[in-house]
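have a look at this prediction, sequence included:
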Amino acid sequence: LYTSDVHCGIDENIGYAGVAAYKKDMEKEYRYVVMADCGDFTQGAYESAVSKGEYLVDIMNSVGYDFAVIGNHEFDWGLETISIYWDGDDTNGEANFPFVCCNLIDSKTGLRPDYCDPYAIIKYGDLKVGVIGAIGDTLESSVSISSIGSYYFDNLDGYIGKYTDELKNEKNCDIVILSVHDYDDYDKYSKYVETLEYPINAFIFGHTHQSLDGYYRNPSTNEYVPYIECYTKNLNIGTIILEVENKKVVDSTTNHYNKGYFDYYVKTPNKACEDALIVYKDLIELGDSALCSINLYDYDSQSEVADLAIRAMMDALGADVGFVNTGGVRVKKFTNENLTYADINEAFPFDNKLCYSYMTGYNLKEYLYYNSNIFLNLSFNERNILDTKIYKVCTIDYVVTNYGYFIEFSEDNKVYYTEDILRDVIADYLRK
């Protein structure tokens, strides 16, 4: 039973209470149930931002997760911020489940950090299930350089075979699952069925917010190995059911379940999870307090939501031009006429800070030519930009560090950084 890319969707759609209830129902029907998360669970809403993930960890404890894989958004506050939930100190919050990622390496030591395990082992009587966790080795560009620090995501090929052998031969695991926070090119993972001495028995994917499933075929045995990925924000959750005889997988099925299914079929509440939600009731109500009223027609598209952020940045910094990256705007439109801080946090959940530089009109146009994945303020018209005039240009630190040419096209290659977080600047702008 698995979730992925929940992004702090605590009570949205199925919600964690629904996941917990379904887990209880499944435990009545099946002998063994593994509860898994495939990354990006900590970031995405107000409650997670103010608790720096502790709220999410508490709720996941109450659901009864067996492990969680690291996703790229677990780095949003710097990985050390959430590593405290695996430091053995109950006074600062502690996860009851391991944090797994075999290919996360600290360049300072050449080693995996102590708080991150390469795999988890779950025992059910005399049956042992090993789960290797990993993050896609191309996802470093999805993390702000300032947040990723000295870590990098090493190529997976050197790890999957190693840990599969270790789980099978040294740890005597009967079943091995690979849970990877990665995207798009699913075919590249088929080799871990086709070429390993001990092929993977099932695959769990994340990151792309897609609902999909399928099978890899092992040409040497003609066996079919399942894989699955589910949507974000608990829009649905996934299951892989493995039929095991004599400690070997003989059949498998995959399923997705949406809220309609849960509302009709799931009948067993999980009181521990419901109690965990109540603990943070005051925090949720604080985030739901209104900043101002808006006309929803003015914010009916992602570009219009982005325009609000850009106007707020330009107002705060006295800038002539502003832009944000398209991936930094996480809602398609606003749906609440009484806009709250929680709404702003959902749209702009990352701790991106404002920065600015000065560019000639010519360099500004050159920069925009090379960078298409940005939202500009809607009032911007390139035909009004004069080549020799100097413009004050504002954006966020992620754009500077992760997109090309911003520094190169700035006057004297200088960028001025502030400590102002984008969503707080937007909130102040709205209050005004």
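Looks like it came in fine. As the structure is a computational prediction, the values presented were derived from the model and not from experiment.

identify all contacting residues around stretch 190-198.
Here stretch 190-198 makes contact (C-beta atoms under 8 Å, 6 or more residues apart in numbering) with 160-161, 164-165, 168, 176, 178, 199-200, 203, 216-220, 225. C-beta: built from backbone N, CA, C; applies to glycine.

where's the dip in pLDDT among those?
By pLDDT, Ser220 ranks lowest within the contacts of stretch 190-198, coming in at 79.

check the burial of that one by counting its neighbours.
By the criterion of other C-beta atoms under 10 Å, Ser220 has 10 neighbours.

for the residue nearest to it when sequence neighbours are not counted, give its distance to Lys188.
Of all residues beyond its chain neighbours, the one nearest Ser220 is Glu194 (7.5 Å), with distances taken as C-beta to C-beta, 6 or more residues apart in numbering. According to C-beta to C-beta, to the nearest Å, Glu194 stands 11 Å off from Lys188.

try Phe203
Here the distance between Phe203 and Lys188 works out to 11 Å (C-beta to C-beta).

the two: which is more packed in?
For Phe203 versus Lys188, the count of surrounding residues by other C-beta under 10 Å is larger for Phe203: 24 against 12.

can you tell me the SS state at that one?
At Phe203 the chain is in strand, as set by DSSP: H, G, I helix; E, B strand; the rest coil.

wait, it touches Asp182, no?
No. Phe203 lies out of contact with Asp182 (C-beta atoms under 8 Å); the separation is 10.0 Å.

now the helices: where do they sit in the stretch 51-200 of the chain?
Listed in chain order, the helices of the stretch 51-200 of the chain (DSSP state H, counting those that start in this stretch) span residues 54-63, 79-83, 145-148, 157-165, 191-194.

and the stretch 251-400 of the chain, by the same measure?
Assigned helices in the stretch 251-400 of the chain, in chain order: 259-265, 271-279, 281-287, 302-317, 341-347, 361-370, 397-402 (criterion: DSSP H, counting those that start in this stretch).

out of those helices, which gets nearest to Ala20?
Among these, the nearest to Ala20 by C-beta to C-beta is helix 271-279 (3.9 Å).

give the residues shared as contacts by Glu194 and Lys188.
Overlap between the neighbourhoods of Glu194 and Lys188 is empty, taking contacts as C-beta under 8 Å, 6+ apart.

circling back: from the helices of the stretch 251-400 of the chain, which stretch is densest packed?
With neighbours defined by mean count of other C-beta atoms under 10 Å, none of these is more surrounded on average than helix 341-347, at a mean of 24.

so which elements touch it?
Here helix 341-347 is seen to pack against helix 46-51, helix 281-287, helix 422-431 when contacts are counted using 3 or more C-beta pairs under 8 Å, 6 or more residues apart in numbering; DSSP states H and E.

in terms of mean pLDDT, which of these ranks lowest?
Looking at the helices and strands packed on helix 341-347, the lowest mean pLDDT belongs to helix 281-287 (a mean of 70).

coming back round to it: just put the helices of the stretch 51-200 of the chain in JSON lines and tack on mean neighbour count.
Compiled in JSON lines, the helices of the stretch 51-200 of the chain are given as follows (neighbours: other C-beta atoms under 10 Å):
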{"stretch": "helix 54-63", "mean neighbour count": "24"}
{"stretch": "helix 79-83", "mean neighbour count": "18"}
{"stretch": "helix 145-148", "mean neighbour count": "18"}
{"stretch": "helix 157-165", "mean neighbour count": "17"}
{"stretch": "helix 191-194", "mean neighbour count": "19"}
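
which one of those helices has the poorest average confidence?
Mean pLDDT values for these show the minimum at helix 145-148, a mean of 79.

now do the strands in the stretch 151-300 of the chain.
If you assign secondary structure with DSSP state E, counting those that start in this stretch, the strands in the stretch 151-300 of the chain sit at 151-153, 175-181, 202-205, 212-218, 223-229, 236-245, 248-258, 290-293.

most packed of these?
Taking mean count of other C-beta under 10 Å as the contact definition, the stretch among those with the greatest mean neighbour count is strand 175-181, which reaches a mean of 27.

and that strand, what does it pack onto?
Contacts of strand 175-181 with other secondary structure elements, assessed using 3+ C-beta pairs under 8 Å, 6+ apart, are made with strand 67-69, strand 127-135, strand 202-205.

pull out the buried positions in the second one.
Buried positions in strand 127-135, judged by neighbour count with 16 or more other C-beta atoms under 10 Å: 128-135.

please find the angle between the direction vectors of that strand and strand 175-181.
Strand 127-135 and strand 175-181 meet at an angle of 20 degrees, taking axes from the mean of the first three to the mean of the last three C-alpha atoms, to 10 degrees as the criterion.
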